Each structure stands twice: as C-alpha cells, then as structure tokens.
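Peer 1: I would like to see how this sequence folds:
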Amino acid sequence: MKELFRTTDPTQLAFAVALLEGEGIAAFQMDVHMSVLEGSIGILPRRLMVREKDMFLARAILCDNGLEVG
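Peer 2: Below is the predicted model of the structure:
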C-alpha cells in the first residue's frame, strides 16, 4: 500500500474515502487512533493508503474533487 493523502481534517478524510469507495477503490485509514497520544487536539495527520495499482486513478479522483494530493 502507498500513501495517497494526508490531513488533520477528519471531514476531508471521510470525503476522500467516500469518493474512492464510490469508484470501487479500497482505501485504508492509518493513524486514526493517534488522538489518544495527542490528547484529541488534532495535530497529528491521518493517512489514507491505497494499493499501488490504484494510485494513479485514486489521485485523479481526489484532484478532480478539489482535494490536494501530495
């Protein structure tokens, strides 16, 4: 799996996951439970991972919908 998207905004992450799932691309969220360590202040980014074979299409989907992909 490769990192597609990183953000501290949980709404952007949920939007990205919904877009990808709508296109049949499996996405895995990492660092979701890090709020225990940071004290729920939202400073640690969460990562969205996709399979390497889906990376090109997943990037295009997020970019087309206004999300900045790193």
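Peer 1: nearest spatial neighbour of the residue nearest the centre of the chain, skipping sequence neighbours?
Peer 2: The centroid of the chain falls nearest to L48 when counting by CA atoms, centre = their mean (3.0 Å). Excluding the flanking residues, the one nearest L48 by CB to CB, 6 or more residues apart in numbering is F5, at 4.1 Å. All C-beta spots, glycine's among them, are computed from the backbone N, C-alpha and C.
Peer 1: which SS state does F5 fall under?
Peer 2: Following DSSP: H, G, I helix; E, B strand; the rest coil, we place F5 in the strand state.
Peer 1: doesn't R47 make contact with it?
Peer 2: Yes - if you go by CB atoms under 8 Å, F5 and R47 touch, sitting 7.2 Å apart.
Peer 1: could you find the closest non-adjacent residue to Q12?
Peer 2: Spatial nearest neighbour of Q12, chain neighbours left out: L67 (6.3 Å); criterion: CB to CB, 6+ apart.
Peer 1: mind listing what E3 touches?
Peer 2: Residues near E3 by CB atoms under 8 Å, 6 or more residues apart in numbering: 47-49, 70.
Peer 1: max-length helix in this protein?
Peer 2: Longest helix in the chain, counting residues (DSSP state H): helix 10-22.
Peer 1: can you list contacts of that helix?
Peer 2: Outside helix 10-22, the residues that reach it (CB under 8 Å, 6+ apart) are 4-5, 7, 26-27, 29, 42, 46, 48, 50, 58, 61-62, 65, 67.
Peer 1: what is the neighbour count of R46?
Peer 2: The local packing of R46 (other CB atoms under 10 Å) involves 20 other residues.
Peer 1: and the closest residue to it other than its chain neighbours, how many residues sit next to it?
Peer 2: Nearest in space to R46, with sequence neighbours left out and distances taken as CB to CB, 6+ apart, is D31 at 4.8 Å. Per other CB under 10 Å, the neighbour tally for D31 reads 14.
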